[in-house]
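Chemist: What follows is a protein structure lacking sequence information:
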């Protein structure tokens, strides 16, 4: 199957976005994909904010993007857009770092007023980076994600069903990618 890079663009350790992504990673892995998690917040701030393209963490992140067949990008929505740490990372990647890749954009937020952030803020950047196919994204309300005592999460039933459909579409699109098919 495919190699998927799962990128959390949240600056918070206790982020619902990050927990949701790791929850979805498990489902993608169960479908037979190799899933590589990347939490942008773990990249040193001096590398991101100083635009240090040669910093080992930036080099490693760039290599992870290059290696992936597909990329899941999750972000909390702040001020009607994706997070600043995600923006900092995307700015440091090569211009066409997503060429040939299938991309699934996901976002979380406190209100449905931010639901269009995926289409109006994140999708144009992903497209400009050469993504072969950006599948339908999904916005999840914070209230639909509950953190359990053990650190795992539960997702509201309707949201879980929608996310399962989105993941199936993403997985299916990975299999149809002409770039992935040519590599086989």
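Modeler: Arrived safely. All values derive from a computational prediction rather than experimental measurement.
Chemist: Now for the residue nearest the centre of the chain: which residues touch it?
Modeler: In the chain, the residue lying closest to the centroid (CA atoms, centre = their mean) is residue 73, at 1.2 Å. Going by CB atoms under 8 Å, 6 or more residues apart in numbering, residue 73 touches 7, 9, 86, 103-106, 122, 126. Where you see a C-beta, it was placed from the backbone N, CA and C, and this is true even at glycine.
Chemist: Enumerate the positions of the biggest helix by length in the chain that are buried.
Modeler: Counting by DSSP state H, the longest helix found in the chain is helix 157-176. For helix 157-176, burial by neighbour count (16 or more other CB atoms under 10 Å) applies to 159, 162-163, 166-167, 170-171, 173-174.
Chemist: tally of neighbours for residue 72?
Modeler: 27 (other CB atoms under 10 Å).
Chemist: Secondary structure element holding it?
Modeler: Here residue 72, judged by DSSP states H and E, is contained in strand 70-76.
Chemist: Now do the next helix or strand after that strand, average pLDDT.
Modeler: Taking DSSP H and E as the definition, the helix or strand that follows strand 70-76 towards the C-terminus is helix 84-92. For helix 84-92, mean pLDDT rounds to 97.
Chemist: so how far is residue 168 from residue 85?
Modeler: Going from residue 85 to residue 168 by CB to CB, to the nearest Å gives 29 Å.
Chemist: in this protein, which spans are helices?
Modeler: Using DSSP H, helices in the chain cover 16-30, 45-49, 56-67, 84-92, 117, 123-128, 157-176, 178-183.
Chemist: quick one, what contacts residue 58?
Modeler: 43, 47-48, 52, 92.
Chemist: For it, give me the pLDDT.
Modeler: The predicted local confidence for residue 58 is 98.
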